[in-house]
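Colleague: Fold the following for me, if possible:
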Amino acid sequence: MQDIIYDLILNERSGKLSDSEADRLRAWRDAAVENEENYEKINRSLDDYILVDRFESIDIDHAWANVERRLVVKPKIIAIRRYVVAAACAIFVGIFALLAVLRNLDHSSTNELTSVLERKMDQHTTAYIQLADGTKMDLNTEQGTLHLENGLTLGNNSEGVLHMDVDDRATDGTQWVDIIVPKGSSYQLVLNDGTKVFLNAESKLHYPLRFASTHRDVDLSGEALFEVAKNPNAPFSVNSNGMRTRVLGTTFNVSSYPEDRVQHITLVEGKVEVAKSDKAYILSPGEQFLTEGSKSRVQDVDTELYTSWTRGTVRFQGMKLEDMVLKIQRWYDVDFAFQDPSTKSLRFTGAFDRTARLGDLLTVIESMTNVRFTEQGGVIKVQKK
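Modeller: Predicted coordinates for the structure are as follows:
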C-alpha cells in the first residue's frame, strides 16, 4: 500500500493522475490525520530532491548504488525504488530521475570537496549601480530612498525590486547608468518606462536614465528576462554582443555572455525582430533565435527551459557539460578546470532548485557518470573517475 500511495503522489506532481487515482489518493488522505501528515511530509521531501537525468544512456545499477551509499538516514515514509530511476532514465524528455534526498545526503563523505560546496545560488541579491561620472554604489547596502545630484532617485519596493525616477535634470538619452550583477547573485529592477528586468548572475545592463520619446535602447552583457512595457510610439531595443532585439511590448529572454559558445534570444509572448550581420529574423512566441559562431537559426523551444531561472528553478535539456559548468560558475561564483577534455561533451537533461548546495548538485552528477570533481585552491577540477 505504501508504494502505491507513493506512486499516486508522483503521478499527481507530474500531472498524470487519472480521475480514479485522484479519488483513491483523496480517500487515503481523508481516512486519517496521520495519512494527511504523511502526504505533506512526502511532498516536502520531494521538493528537496535534486532532479537530474543524463541525456545519454547510463549505468543504472552503478548510479543507484552510489546514491544509496550516500544516504545517511533511510526515509521511513518514502520508499525510493530503483525501477523509478530506471524508467526516468529511459525516457529523458520531460521526466527527471529522482536520485538524491538532500536532507539525507552524507555531506561529510562527498568526495574531496571542501566548504566551497556549501555555497548556494542566490545566497546574495547583490548588485551595483555605476553612474556616468564613475560613481559606484552597492545597492545591497543602500537603504531607503536616495536622491542623487544628477536627478536620479533610487528606491526599493516591498518586494525588494529596484525602482528609479528622474527629474528634469536627466534629459533624454544624455545620462546613462550601469546595473552590474556579480557572480552568485541575481537582481530585479523596473526601468523608468515601467519595463521589468530580471538580471542573472554576471550580467550588466547599460541604459539611459530617461528614454527618448521615439525609441528605448538598452545594452546587455550576460542574461536577462525583459517584460517590456507597451509603447507603440517608442520601440524597445536590446543590444547584446552583436545582436539587436527590437520590440513594442513583449516578454523575452536574452542570453549573450561573451564567453558562451551559444547565445540565444527566446520569445515568451508578443513579437520581436532580431537583427544580426545585416539579417533580420522575426520571432513568434515559443521560438528562439540561436547563434553559434558565424551560424544563426530560429528554432522552436520550450520557453520554460530559458525563463524558469527567474522563478528559482534551473532547467536544462541536452546541455553539454562544458556549457553547464559555465552556468554553474556564474551561479555559485566558483571556477572549474577540465582535466580531461572528453568530459566536456557529456550531455545532461534535468532541473534543480536554485537553493541547492553546490556539493549536492555535483554529487548527483558524479553518481550518474564517470565524472569526478575535486577541489584544489578554490578551483573545482573535472576529471574521469
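
Colleague: Against residue 236, how distant is residue 215?
Modeller: According to CB to CB, to the nearest Å, residue 215 and residue 236 sit 8 Å apart. For glycine as for every other residue, the C-beta is placed from the backbone atoms N, C-alpha and C.

Colleague: meant to ask about residue 380, not that
Modeller: From residue 380 to residue 236 the distance is 39 Å (CB to CB).

Colleague: quick one: which of these two has more around it?
Modeller: Just comparing residue 380 and residue 236: by other CB atoms under 10 Å the higher neighbour count belongs to residue 236, 25 against 22.

Colleague: Who is that one paired with across the strands?
Modeller: Taking DSSP bridges as the rule, residue 236 bridges to residue 216, residue 247.

Colleague: same thing with residue 292?
Modeller: residue 262, residue 295.

Colleague: does it really touch residue 262, like I thought?
Modeller: Yes - in terms of CB atoms under 8 Å, residue 292 counts as a neighbour of residue 262; the distance is 4.8 Å.

Colleague: what residues go with each domain of the chain?
Modeller: 2-109, 115-120+319-384, 128-307 (automatic domain parsing).

Colleague: Need the distance between the two termini of the last one.
Modeller: Read it as domain 128-307. 23 Å (CA to CA, to the nearest Å).

Colleague: Stretch 304-314 too?
Modeller: 9 Å.

Colleague: residues making contact with that stretch?
Modeller: 121-122, 186, 198, 200, 223, 225, 253, 255, 264, 266, 268, 288, 315-317, 327, 331, 351-355 (CB atoms under 8 Å, 6 or more residues apart in numbering).

Colleague: Please indicate which of those are buried?
Modeller: 121, 186, 198, 200, 223, 225, 253, 255, 264, 266, 268, 288, 315-317, 327, 331, 351-354 (16 or more other CB atoms under 10 Å).

Colleague: so of the residues you listed, which ones are in helices?
Modeller: 327, 331 (DSSP state H).

Colleague: Quick one: residues contacting the spatially closest residue to residue 259 that is not a sequence neighbour.
Modeller: Closest residue to residue 259 apart from its sequence neighbours, by CB to CB, 6 or more residues apart in numbering: residue 326 at 6.8 Å. Residues near residue 326 by CB under 8 Å, 6+ apart: 257, 259, 260.

Colleague: Just give me the neighbour total for the second one.
Modeller: A count of nearby residues for residue 259, using other CB under 10 Å, gives 8.

Colleague: Which positions within the helix or strand harbouring residue 26 qualify as buried?
Modeller: Here residue 26 sits within helix 19-31, counting by DSSP states H and E. By neighbour count on 16+ other CB under 10 Å, the buried set for helix 19-31 is 25, 28, 29.

Colleague: Need those residues in JSON lines (columns: pLDDT).
Modeller: Formatted as JSON lines, the buried residues of helix 19-31 follow (pLDDT from 0 to 100):
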{"residue": "25", "pLDDT": "90"}
{"residue": "28", "pLDDT": "89"}
{"residue": "29", "pLDDT": "91"}
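
Colleague: helix/strand/coil for the closest residue to residue 131 other than its chain neighbours?
Modeller: Distance criterion CB to CB, 6+ apart; nearest residue to residue 131, sequence neighbours excluded, is residue 177 at 5.6 Å. Three-state call for residue 177 (DSSP: H, G, I helix; E, B strand; the rest coil): strand.

Colleague: and residue 177, what does it touch?
Modeller: With CB under 8 Å, 6+ apart, residue 177 has these contacts: 129, 130, 131, 132, 152, 206, 207, 208, 209.

Colleague: which among these end up buried?
Modeller: If we count by 16+ other CB under 10 Å, the contacts of residue 177 have these buried: 129, 130, 131, 152, 206, 207, 208, 209.

Colleague: what's the farthest-apart pair in these?
Modeller: Farthest pair in these (CB to CB) is 152 and 206. Separation: 14.8 Å.

Colleague: Helices of the protein, residue ranges please.
Modeller: 2-14, 19-31, 33-47, 60-70, 82-90, 304-307, 321-332, 358-368.

Colleague: ranking the ones you listed by mean pLDDT, which is last?
Modeller: When the helices of the chain are compared on average pLDDT, helix 82-90 comes out lowest at a mean of 36.

Colleague: What sits closest to residue 11 if chain neighbours are left out?
Modeller: residue 17 (4.4 Å).

Colleague: number of nearby residues for the one you found?
Modeller: With other CB under 10 Å as criterion, residue 17 counts 18.

Colleague: just for the protein, where's the confidence low?
Modeller: 1-3, 6-7, 14, 44-125, 141-160, 163-174, 368 (pLDDT under 70).

Colleague: switch the cut-off to 50
Modeller: Applying pLDDT under 50 to the chain flags residues 48-113, 172-173.

Colleague: Now do the end-to-end distance for stretch 367-375.
Modeller: Note: stretch 367-375 ends 17 Å apart using CA to CA.
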